[in-house]
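Attaching a predicted model along with its sequence, questions to come.
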Amino acid sequence: MATDRPTKDPTPSDGNGGGDEPIRDEAYVAMHSDPRFIDLKRRLYRFIFPMSIAFMAWYLLYVLMSAFGRDIMGTDLFGNVNVALVFGILQFVSTFGIAVLYTRYANRNFDQSAAELRDELQNGANAQKKGDSR
Amino acid sequence: MILAQEAVSESSRMVTIVLFALMIAATLGITVWASRNTRSATDFHSGGRGFSPLQNGLAIGSDYMSAASFLGIAGMIALFGYDGFLYSIGFLVAWLVALLLVAELLRNSGRYTMGDVLSYRMQQRPVRTAAAVSTVVVSIFYLLAQMVGAGALIALLLGIQEGQTFLGMDAPTAKIAGIVVVGLLMTIYVAFGGMKGTTWVQIIKAVILMAGAALLTLLTLSLYGFNLGALMSDAANASQAAADGNAGGFLEPGLRYGVEVAGDPLQTLWNKLDLISLGLALVLGTAGLPHILIRFYTVPDSGSARKSVNWGIGLIGTFYLMTLVLGFGAAALVGHEAITTQDAAGNTAAPQLAQVVGTTIGGDMAGAVLLALIASAAFAAILSTVAGLVIASSSSLAHDFYNSVIRKGKATGSEEVRVARFSAIGVGVVAIILAIFAQSLNVAFLVSLAFAMAASANLPTLLLSLFWKRFNTAGALAGIYGGLISAVGLVFFSPVVSGSETALMPNADFAWFPLPNPALVSVPISLLCAVVGTYMSKERDFDKFAMLQVRALTGAGAEKAGSH
């Protein structure tokens, strides 16, 4: 793949958003292959991708049933409450539930590690700057 | 129980006008305050990034619970029963895409617009241009939907019907006046108040709308002794479906979407595929709507973005559950005929319900006051949603197009703010003119088209940018333009535009695409374009991907809250 070329444009500057000193591009690239970052990414992906597939499948099942499974959807369960209504309410319940589950998961398994790596990158940038100015 | 047949009473109209005027005065006051506190580009585009998760959650709910979705879904449930509920479910589940895949990563890696994230790894100018085009096109369609609806709604909320006059205006003139007033207000909010003014207008609207809907829900339920089953059977028995001998159908899917046409299995199949296509557009469109995406920039960090989506999900979910009660309530207490006499699409079902419930509980005056309250909540809903759309467009024009494409990233913050203010005025004027000409278009069609475009053009490209290492400029451009063109093109060749009695051009027939909703085809086309475009180009820059991903996941280098 000798003909591959990188993107020409320079990445827009961070402004002053990235802490006291901008973080060097090389520091980001190095962090990307750091085992701790790989672990962080794995922990995020392990939740968000299976969960996204699950709720999409659950929602599409609901839409498909609404289109093609009308006999089942119209079955009364108790009083005039039918399968369609319960299935619909369950979509609300699962949406609220997944939001709660994700928030708990992220609080426990993600936020602290992400903050540690972020602080390391930003402190590294500051230390680098001090080193340069001497 | 049909009480509200006649025109809206004079007393109610006075209360409504007073409340409308109060609302306009309050929101303009906020705009003046916000304009004094808007100096930097971060203030203008992102409200200084200082909003709390609850405040942003309310504003997210506000962006989303537009008048079209409040009045439209309540009306759809009142007329078609279950299918209106089905529509609201797609709107809610869509927030999981935003929560799990988009909100935090976008907050960490972008600055002001959707284009920031799309273009991060790419060649700036072509991708920024594409992002600005897509942002403005999607927002303008959504804006048109809101404004066309607003004109008709204001006329109805003020009780101006065909053949009547109000301040010397007949109904068509009042509709145009409604569009112009809403257009001017939204332009003023955004041009002067920026994101700060817009967000506060949205927060207030969310509180008014939630309170109004909750009050009406409780009063409606109280008439049934809080027996939901009794309300449902009353609604089903009073429905058009019951008149057609199919009362049970009101509580099942199939009256509005995926309609089964007797003796025409092919059309039945198209109708059912269209239902699936609509479901896909609703669930994938939300996290691609530019005015929703920029809300994640108004909070201090990605954790707050997550919390604000959670607040948004809670508010929106609760709201749609209340809408279910309101829709059934309108079906049972107002009745199909009274609703369709007022507005064929059922958009006034909720205000009509307010009048009937108020009158039943406390007499005519209570009915007038409750009607005025709900009408005002709907008016607030119109104003805040259109403001959110205008700021999304003007931010993208100023930041993506003017600064990055024309000035090659060299514009100063104050220059960018000035351009954004003028862009807001430009977008406002264009939207007013287009809305006046688009008055005959169906509002629901415009909304579903905006969602289909967002789902096709924006979401696939956004997700590939964040998660696919090999993705590049050619892929992003192919994905955005391919999605946009296929969504618009398929609608153009669908029964919505020609080939049926209800089409925009009923006398022409070039409809070879059978589904009114294009997402089922246009989303895969966009993905295919993005993947093929990527492999056709040799550009690959894994270092940029590494930078984007480290920033998106850790929050290193993320924009911080303004220091006010």
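Thanks, I have it. Residues are numbered from 1 along each chain as shown, chains lettered A, B, ... in the order given.

going forward, measure contacts between C-alpha atoms and count neighbours the same way
Fine.

Can you get me a residue count around the residue in the stretch 151-300 of chain B positioned nearest to chain A?
Nearest residue of the stretch 151-300 of chain B to chain A (C-alpha to the nearest C-alpha) works out as B:K272 at 5.3 Å. The local packing count at B:K272 equals 23, with neighbours defined by other C-alpha atoms under 10 Å in any protein chain shown.

pretty sure it is touching B:R256, no?
No. B:K272 lies out of contact with B:R256 (C-alpha atoms under 8 Å); the separation is 10.7 Å.

pLDDT weak spots in the stretch 151-300 of chain B?
Along the stretch 151-300 of chain B, segments meeting pLDDT under 70 span B:160-167.

got the residues of it near chain A?
By C-alpha under 8 Å from any C-alpha of the partner chain, the residues of the stretch 151-300 of chain B that approach chain A are B:229, B:232-233, B:249, B:251-254, B:258, B:272-273, B:275-276, B:279.

List buried residues within these.
When neighbours are counted using 16 or more other C-alpha atoms under 10 Å in any protein chain shown, these contain these buried positions: B:232-233, B:249, B:251-254, B:258, B:272-273, B:275-276, B:279.

Take those residues and keep only those in helices.
B:M232, B:S233, B:K272, B:L273, B:L275, B:I276, B:G279 (DSSP state H).

just the residues you listed now: which is nearest B:A34?
Closest to B:A34 out of these is B:G279 (38.3 Å), distances taken as C-alpha to C-alpha.

Not counting residues beside it along the chain, what's closest to that closest one?
Distances taken as C-alpha to C-alpha, 6 or more residues apart in numbering or on different chains place B:G90 nearest to B:G279, at 5.9 Å, with adjacent residues excluded.

Next, count neighbours for the one you found.
The burial count for B:G90: 24, using other C-alpha under 10 Å.

cool, B:N507 as well?
When neighbours are counted by other C-alpha under 10 Å, B:N507 comes out with 10.

try B:P516
Using other C-alpha under 10 Å, B:P516 has 25 other residues around it.

Would you check that it makes contact with B:D274?
Yes. B:P516 lies in contact with B:D274 (C-alpha under 8 Å); the separation is 6.7 Å.

From the rest of the structure, what touches stretch A:114-131?
Residues from elsewhere that reach stretch A:114-131 (C-alpha atoms under 8 Å, 6 or more residues apart in numbering or on different chains): A:18-24, A:27-28, A:37, A:40, B:553-557.

From those, keep the buried residues only.
Among the contacts of stretch A:114-131, those that count as buried by neighbour count (16+ other C-alpha under 10 Å) are A:18-19, A:21-23, A:28, A:37, A:40, B:553-557.

min pLDDT across those residues, which one?
Checking pLDDT across the buried ones among the contacts of stretch A:114-131, the minimum falls on A:G18 at 42.

And the residue of chain B closest to chain A?
Residue of chain B nearest chain A, by C-alpha to the nearest C-alpha: B:G557 (3.5 Å).

where exactly do the strands run in chain B?
Using DSSP state E, the strands of chain B run over B:165-166, B:169-170.

mind listing what the last one pairs with, with the direction of each?
Based on DSSP bridges, the strands next to strand B:169-170 in the sheet, each with its direction, are strand B:165-166 (antiparallel).

Please spell out the segments of the chain that come in under the pLDDT threshold.
Because you didn't say which chain, this covers chain A. Using pLDDT under 70, chain A drops low at A:1-20, A:127-134.

um, chain B though
Applying pLDDT under 70 to chain B flags residues B:1-9, B:160-167, B:562-564.

Next, name the residue at the spatial heart of chain A.
Taking C-alpha atoms, centre = their mean, the centroid of chain A lies closest to A:I48, which sits 5.5 Å from it.

what about the nearest residue to that residue once chain neighbours are set aside, how many neighbours?
Distance criterion C-alpha to C-alpha, 6+ apart; nearest residue to A:I48, sequence neighbours excluded, is B:L100 at 5.6 Å. B:L100 is flanked by 23 other residues according to other C-alpha under 10 Å.

OK, contacts around the closest residue to B:Q439 other than its chain neighbours?
Among residues not flanking B:Q439 along the chain, B:V148 sits closest, at 5.4 Å (C-alpha to C-alpha, 6+ apart). By C-alpha under 8 Å, 6+ apart, the contact set of B:V148 is B:I179, B:A435, B:I436, B:A438, B:Q439, B:L441, B:V443.

Could you rerun that using 7 Å?
Taking C-alpha atoms under 7 Å, 6 or more residues apart in numbering or on different chains, we find B:V148 in contact with B:I179, B:A435, B:A438, B:Q439, B:V443.

ok, now B:S11?
B:A368.

Check the gap between it and B:N347 for me.
Counting by C-alpha to C-alpha, to the nearest Å, the gap from B:S11 to B:N347 is 22 Å.

same thing with B:I179?
Per C-alpha to C-alpha, B:I179 is found 17 Å from B:N347.

If we ignore the residues flanking it in sequence, what's nearest the most far-flung residue of chain A relative to its centre?
Distance to the chain centre peaks in chain A at A:G79, reaching 41.5 Å (criterion: C-alpha atoms, centre = their mean). Leaving out its chain neighbours, the residue that sits closest to A:G79 by C-alpha to C-alpha, 6+ apart is B:G229, at 7.2 Å.

Quick check: buried residues in the lengthiest helix in chain A?
If you go by DSSP H, chain A has its longest helix at helix A:35-68. Buried residues in helix A:35-68, counted by 16+ other C-alpha under 10 Å: A:37, A:40-41, A:44, A:48, A:51-52, A:55-56, A:59-60, A:62-68.
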